[in-house]
Every structure is written in structure tokens, then in C-alpha cells.
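[1] Give me a model of this one.
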Amino acid sequence: MIETNLIKTDSASVADSLASKKYELDLKIFEDLEVDRKATQIKTEALQAKRNALSKDYGLLKKEGKDDAALNQQITEVKSELDSCSKTLTDLQSSLQDFLLDIPNLPASSVPHGSGEKDNIKIRDFGKPIVFGGKDHLDITSLINMDAANILAGSRFSVLTGKVAKLQRALISFMLDKAEDHGYKEHYLPLVANTESLQATGQLPKFADDLFQLTDDYYLIPTAEVPLTNLYRDQIVSLDSLPLKLTAHTSCFRSEAGSYGKDTRGLIRQHQFEKVEMVSVTHPDQSMQEHERMTNCAKAILEKLKLPYREVLLCSGDTGFGAQRTHDLEVWLPGQQAYREISSVSVCGDFQARRMNARYKPSNGGKPEFVHTLNGSGLAVGRCLIAILENGQQEDGSVIVPSVLDKYLGGKTIIDQQGNLC
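    This next block holds a predicted model:
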């Protein structure tokens, strides 16, 4: 949630900044709600003061054993008016909150303006893309069974078997170990989140259609970012504890609303997928530096796996709802002859912290201030699995697995045509 004082004091600048993220700020709605809220709050406070004064007078009369019918009537009328006014104030505050929750984060000043993917800026390349008429991952191995998953759960699910399932498990362990090497503390988390948690990190109300809802208040998590970040909801942490660095492997669940017909083949875009997530909670002065560090952690994993990738700075129009600035890492997939996102690393500033009231104690002992939060994939496991199979495929039908995984695979780094590790 952006700071309301920014809208009040610099509305034109805020509107222009939001427009670069394809959001039109309706200032009239905000101003009307604010005027009504302020007037109603003043009226409510005046009625409360009047009620208190009348109640004091009533108490004094009772002590003297007296009664005053007119005073009783006046107290009743004031209480009734106060109840009505308080309800109106609550409704206005709720409407204002709903309005603010729908506003995206402001892009950082360092983010290039642009309308979409074509305006993103490439920062660097790593490795040499394999350009040949290679197979995609479904044609390389029969150990990814989409038909069986379709029978079990429907489209956009998969069943991995044998050594491909083991390879996925190896990747998860490798990624968690690398995250630990980079200072992240591993967590085991619920795969279910409540409405308040999803609202705190920005998935609700904006992306309700992209979630799998279980009951009125519970959803399957779309990413471990949600539970990891919410560990600090309504918390005040010590300055000395910052930065806090957390990681977790979870299954993630997304309905992929609005993506009908896109990436329907294979593991690219699934309703259920595996991901190792990194989250940092920092002092405001550290967040941009932490963004670079977190991006380097994700890049290090790709480089250890020797997978070609490129790093991209997203323009304002392509930067996500809750992000100030985002680096995408895109891995090369020979089967598609294209780079595809495998990690998105974002700094959110105090946007999420305001929504979930996460603060730290300043060193001067002053009033608690909002922390900054960051999140990034380290990495998306399914897409990493695709990249290994497609970049490691050989003419004889075997796949060479990156040697860094050998300790997770019993020292064996080749999957032969029959699906055996050797």
C-alpha cells in the first residue's frame, strides 16, 4: 500500500508514476472519500465528547438521588446519532481501504519507463545458447506424463516418474543448500494461506481470479513469498536483526486466469509447480543493495548449473503490482529457441510492510518505522528441470546432467535413453 500522504501532497506526480504502470488513479474518488471520512470523523468525535459530558452530568444527578427525564432523552438521542455516525465512519474507512489496496506500488526512479516487454533492458548474458533443431522436454523423455495427470486432476498438471522425479528432488535440495550458503534460513510452511495473509503481500484483492480458493477465508498459496513475508505481519523487529533472510521450498498453485491457450504444452505453465523462494526483510536504506545481492544469489544457481541465461531490468509497464524494481532472469530453452523467465527478483519497498504493519525499532529509540521487503525465486524448479533436459540433450537421446548435482544423484550425471541414471 502506498503512503496516503503522497497522494494528498503530490497527487500529480503519483498519478503520472502510476500511469507508467498502466494504472489510472481516480483522484476524485480518493478526494471525495477523504472529505467524507474527515467530516464524519470530526462529527463522531464531537458526539463522543457530548455523550461523555452528558453521561458525567447524569452520574452526578444519580449520586444526588435525582433524575432528569429530559437529560435521559438527550443521552438516548446522542447515543443513537453516535451509533449511526460511527457506522458511517467505519463504512467510509473500509471504502477508502479498498480503494488504496487496489493501487499498485510506485516504480523506483531507476526503473525505465515503458509499456511492456519490448521496453525492458538487458543487463547481461551468461553462457552461449544452443541453437539447433533439438527436441523439447516432452520429446526428450517419457518420464514426464501429462496424460496421467490429466486423468488425475485435469490439464496443466504433470506426473514425474523415475529419474526425472529424482532429478527434480535433487534440484530442490541443491537450491535450498545454495540459499543457505547465501545466508537464508530454511523454513517449512503451510501450503494454505488466509485472506489477511494474501492481502498483506498484495495478491488480494487484485489477483483473486488467479488463486485457488478453498473456503471463504482460505486459499492455496501461489508462492512461498506469502507465508514467508507474513511471518512478520504485525511484528516490530529489532534493528540489529536486519536484514532477515528466509527461504523455503513449496508447491505453488495458480489458476493461470487469463492465460488460456498460452504455454499449454509441458511444464512451462502449470497449475501446480515447485519453487524455492527467497525473502528478505531489510532496513529502508539497505533494500536496493539487498536487491542486487538477492539477484546475484539466483544468478549463482544458474551459473553453477551452467545454464545459459540473461538478466533483464523490467520497465515500469512490465513491473509487477507490488514491486518497485524487478530483475528477471531468463533461462535459454533450446526446445523453444527462446529465453523464458526462471526467476523474478523484486524489491517492494514499504508497500507490503504498510499492508501488514511490519516495522522495526530505530536506533534512536523513536517511533517504529516500516521495514522494506524483497522476494525472488531461487529458482522455479520445473523450468529449471526443462532447461537441464533441453540443454543437456545428446544426439544419442541421453541427457547430461550438470555435474554440480552429482552428490544429490549418487555420483551419476547421465540419464540414458531408457531413463536410467548412469
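[2] contacts, neighbours, all on C-alpha from now
    Noted.
[3] can you list the weak-confidence ranges in this structure?
    When residues are selected by pLDDT under 70, those of the chain lie in 133, 257-261.
[4] Show me the domain layout of it.
    26-101, 117-415 (automatic domain parsing).
[5] from the chain's centre, how far out does the shortest one sit?
    Taking C-alpha atoms, centre = their mean, to the nearest Å, one finds the center of domain 26-101 at 39 Å from the center of the full chain.
[6] Buried deepest among the domains of the chain, which one?
    domain 117-415 (a mean of 19; mean count of other C-alpha atoms under 10 Å).
[7] sorry, back to before: out of the domains of the chain, which comes closest to Ser109?
    For those, proximity to Ser109 was assessed by C-alpha to C-alpha; domain 117-415 is nearest, at 8.8 Å.
[8] quick one: terminal-to-terminal distance for that closest one?
    With C-alpha to C-alpha, to the nearest Å applied, domain 117-415 spans 36 Å between its terminal residues.
[9] Next: stretch 8-28.
    Across stretch 8-28, the straight-line distance between its terminal residues is 12 Å, by C-alpha to C-alpha.
[10] Could you check the domains of the chain and tell me which one is nearest Met1?
    Distance to Met1, taken as C-alpha to C-alpha, is lowest for domain 117-415 among these, at 4.7 Å.
[11] Off-centre distance for that closest one?
    The offset between the C-alpha centroid of domain 117-415 and the centroid of the whole chain comes to 10 Å, using C-alpha atoms, centre = their mean.
[12] Which one, of the domains of the chain, ends up nearest to Glu3?
    Shortest separation from Glu3 across the domains of the chain is recorded for domain 117-415, at 8.1 Å, computed as C-alpha to C-alpha.
[13] still on that earlier bit, any chance of the domains of the chain in CSV, plus distance to Cys422?
    Output for the domains of the chain, formatted as CSV (distance: least, C-alpha to C-alpha, whole Å):
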stretch, distance to Cys422
domain 26-101, 53
domain 117-415, 5
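[14] Of those domains, which is nearest Ala19?
    Of all the domains of the chain, domain 117-415 sits nearest to Ala19, with 8.6 Å by C-alpha to C-alpha.
[15] Might you report the residue contacts of Asp119?
    112-113, 314-315 (C-alpha atoms under 8 Å, 6 or more residues apart in numbering).
[16] scratch that, Arg340
    Under the criterion of C-alpha under 8 Å, 6+ apart, the contact list for Arg340 reads 330-333.
[17] for this structure, what spans make up the helices?
    Secondary structure of the chain by DSSP state H: the helices cover 4-9, 11-19, 27-63, 69-101, 137-140, 146-152, 162-181, 195-201, 225-230, 287-304, 351-356, 381-391.
[18] Okay, angle between the longest one and helix 11-19 too, please.
    For helix 27-63 and helix 11-19, the angle between their directions (axes from the mean of the first three to the mean of the last three C-alpha atoms, to 10 degrees) works out to 120 degrees.
[19] What is helix 27-63 packed up against?
    Contacts defined by 3 or more C-alpha pairs under 8 Å, 6 or more residues apart in numbering; DSSP states H and E place helix 27-63 against helix 69-101.
[20] The helix it packs on vs helix 27-63, what angle?
    Taking the same axes, to 10 degrees, one finds helix 69-101 and helix 27-63 inclined to each other by 150 degrees.
[21] Counting by contacts, list what helix 69-101 packs against.
    When contacts are defined as 3+ C-alpha pairs under 8 Å, 6+ apart, helix 69-101 packs onto helix 27-63.
[22] before we move on, the earlier item: may I see the helices of the chain arranged in TSV, with distance to Glu256 as well?
    Formatted as TSV, the helices of the chain follow (distance: least, C-alpha to C-alpha, whole Å):
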stretch	distance to Glu256
helix 4-9	32
helix 11-19	25
helix 27-63	31
helix 69-101	22
helix 137-140	21
helix 146-152	16
helix 162-181	22
helix 195-201	17
helix 225-230	17
helix 287-304	24
helix 351-356	23
helix 381-391	16
